[in-house]
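1. Just a sequence and a predicted model for now, questions to come.
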Amino acid sequence: MMSPRLIRSLASAAVLALVAACGGASGSSKKIAFKYTEMRAKLDNGLKMVIIPDKTSQMVQVDIRYMVGSNQDPEGKAGLAHFVEHMMFQWSGPSFWGKDPNGKPIDGPALFNVLPQIAVGYNAYTNWDTTHYYLQGTKEDLPKLLDLEARRMRSAIAAAKDKCTESLLGVPRTQFDRELEVVRNEIRWRSGNTDGQVYQMVMDLAFPKGHPYHQMIGGN
């Protein structure tokens with residue numbers, strides 16, 4: 001879900017990177033000091049966790065970063081990682097919600113329809129190396145936000161093991177096709193405006209064909 005602002009920022013960053021590469025480095029790097037001490041941990045399942053407390057705010061943000069991005073899209077299938085990002089909002093039913101205390105499968109709504117009831121802000125974006133999902137809400141709702149992201153991650157792992165069959169994903173074909181059209185509209189918008197065209201021109205120069213960053217993140 002790349003916004004116009006994000007595309008402009010990426011294009012500007014790419015131009016600045018090229019200028020910096022041509023001009024060379026000068027001076028010494030300045031060490032950045034964070035206001036709050038961050039806490040790091042690694043769970044037994046390999047999940048890395050970083051907690052940055054902010055006592056001045058009543059809000060929290062949960063940022064989940066998957067170490068997979070467009071650089072792993074197969075040749076000729078640019079945008080696959082981006083499309084998966086979209087589909088990660090569409091899980092519903094027992095494959096996402098599990099079972100109630102009595103063991104009965106829960107036919108719950110899609111995650112995308114639940115988020116507005118809990119989170120005050122949410123979005124996701126795909127880049128070359130990673131895919132990010134973030135939720136924002138009150139500190140009282142932190143357990144709920146973490147639960148939703150845990151369910152999303154569990155569904156992703158299960159889908160990968162099951163070769164992404166529709167029965168496991170819990171995504172009806174009509175919903176799948178609708179989201180596919182949303183992604184296509186993003187591609188049409190991006191290729192039809194100056195920001196998107198300039199960004200693609202810069203990327204073509206910076207990363208020639210064959211480079212893992214050459215393919216468009218959002219697809220073509």
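-> Nice, thanks for sending it over.

2. Tyr125: what secondary structure?
-> strand (DSSP: H, G, I helix; E, B strand; the rest coil).

3. How much space separates it from Ala81?
-> 11 Å (CB to CB, to the nearest Å). C-betas here are computed from N, CA, C, even on glycine.

4. Now for the two: what residues contact both?
-> Thr131 (CB atoms under 8 Å, 6 or more residues apart in numbering).

5. neighbour-wise, which of these two wins?
-> Ala81 (24 against 18; other CB atoms under 10 Å).

6. contacting residues around the more buried one?
-> Val68, Gly69, Ser70, Gln72, Asp73, Thr126, Thr131, Ile217.

7. By pLDDT, rank those and give me the bottom one.
-> In terms of pLDDT, the lowest of the contacts of Ala81 is Ile217, showing 88.

8. and Gln72, what is it in contact with?
-> Per CB under 8 Å, 6+ apart, neighbours of Gln72: Ala81, Pro212.

9. Burial check on Tyr122, number of neighbours?
-> By other CB under 10 Å, the residues close to Tyr122 number 20.

10. Double-check that it belongs to a helix.
-> No - counting by three-state DSSP, Tyr122 falls outside a helix, being strand.

11. re earlier: tell me the one of the contacts of Ala81 nearest Lys139?
-> Distance to Lys139 across the contacts of Ala81 (CB to CB) is lowest for Thr131, with 25.7 Å.

12. And the nearest residue to Thr126 once chain neighbours are set aside, how far from His132?
-> Using CB to CB, 6 or more residues apart in numbering and skipping residues adjacent in sequence, the residue nearest Thr126 is His82, 4.4 Å away. From His82 across to His132, the span is 12 Å (CB to CB).

13. Overlap in contacts, these two.
-> Joint contacts of His82 and His132 (CB under 8 Å, 6+ apart) are Thr126.

14. Phi first, then psi, for the residue positioned nearest the centre of the chain.
-> The centre of the chain sits closest to His132, judged by CA atoms, centre = their mean, with a distance of 3.1 Å. Here is the backbone geometry of His132 (degrees, to the nearest 10): phi -110, psi 140.
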